[in-house]
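>>> Generate coordinates for the sequence data below:
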Amino acid sequence: MTDALHTYTDGSFDAASRSGGWAFVVYERDRQLYADYGNGIGTSNNTFEVLAVLNAMAWIAAEAPARSVTLWTDAVHVIEGCCRWRAIWRTNGWKRITPNPHARRRPINDMEIWQQLDRLLDQRPNVVVKWCKGHSGAGGNELADTLARNTALGGYRNRFQA
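This is a model prediction of the structure:
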C-alpha cells in the first residue's frame, strides 16, 4: 500500500427480512484507521452497496478531504455507477433512457443516494473508485463484508473507531 488511504466498502441484504447493512473500513498503510457500519430496511443488495460507498465518501469528506484515497468495492454495479453511469444519468436529468424514442424514461434506482454520491465524488477528485474481487482474501474487503453482513442481520448495534 502507498501513502494513500485505502477504503474498502461492502453492502449486504437479507431478502427475507428486507433489511440490509453497509460497512466501510479505512486503512492507512497496513493499519486500520477507522471503520463504520449501519443498517436499515431496503429493497436490494445494490442499495446497501451504494450506501456503503456514500457513507465512506462522507467520512472522507469530513476527516480526510485532502488525502488521496483508493476506494475499493466488490460491486460491479457501484463501479459502473461511479465511473460511467452517473455522468450519463446526470446529463439525462437522472433518468434512464433507452434507444426506443417512444419508451418512457425510467427513474434511476436509489436516485437520491446516487445524487449525493455524485456530488461527493465531484468534490473529491483525489478519490479513485476501483474494483476488488470479493472473498479473495483482501483483508479490508473481508472485514467490510463481515461487518455489513452481521449488521444486516442485527448482529452489530454500535459503531466503532479502530
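>>> next structured bit after the lengthiest helix in the chain?
Secondary structure of the chain per DSSP state H: the longest helix is helix 45-63. For helix 45-63, the succeeding helix or strand toward the C-terminus, using DSSP states H and E, is strand 69-73.
>>> how big is the angle separating that next one from helix 45-63?
Relative orientation of strand 69-73 and helix 45-63, computed by axes from the mean of the first three to the mean of the last three Cα atoms, to 10 degrees: 160 degrees.
>>> buried set for the longest helix of the chain?
45-57, 59-60 (16 or more other Cβ atoms under 10 Å). Placement of C-beta: from N, CA and C, glycine included.
>>> Which strands or helices does that helix pack on?
The contact analysis (3 or more Cβ pairs under 8 Å, 6 or more residues apart in numbering; DSSP states H and E) places helix 45-63 against strand 5-14, strand 19-28, strand 31-41, strand 69-73, helix 76-80, helix 111-123, strand 127-131, helix 139-152.
>>> The residue of the chain positioned farthest from its centre: what's it in contact with?
Going by Cα atoms, centre = their mean, the residue of the chain most distant from its centre is His102, 33.6 Å out. For His102, the contact set (Cβ atoms under 8 Å, 6 or more residues apart in numbering) is empty.
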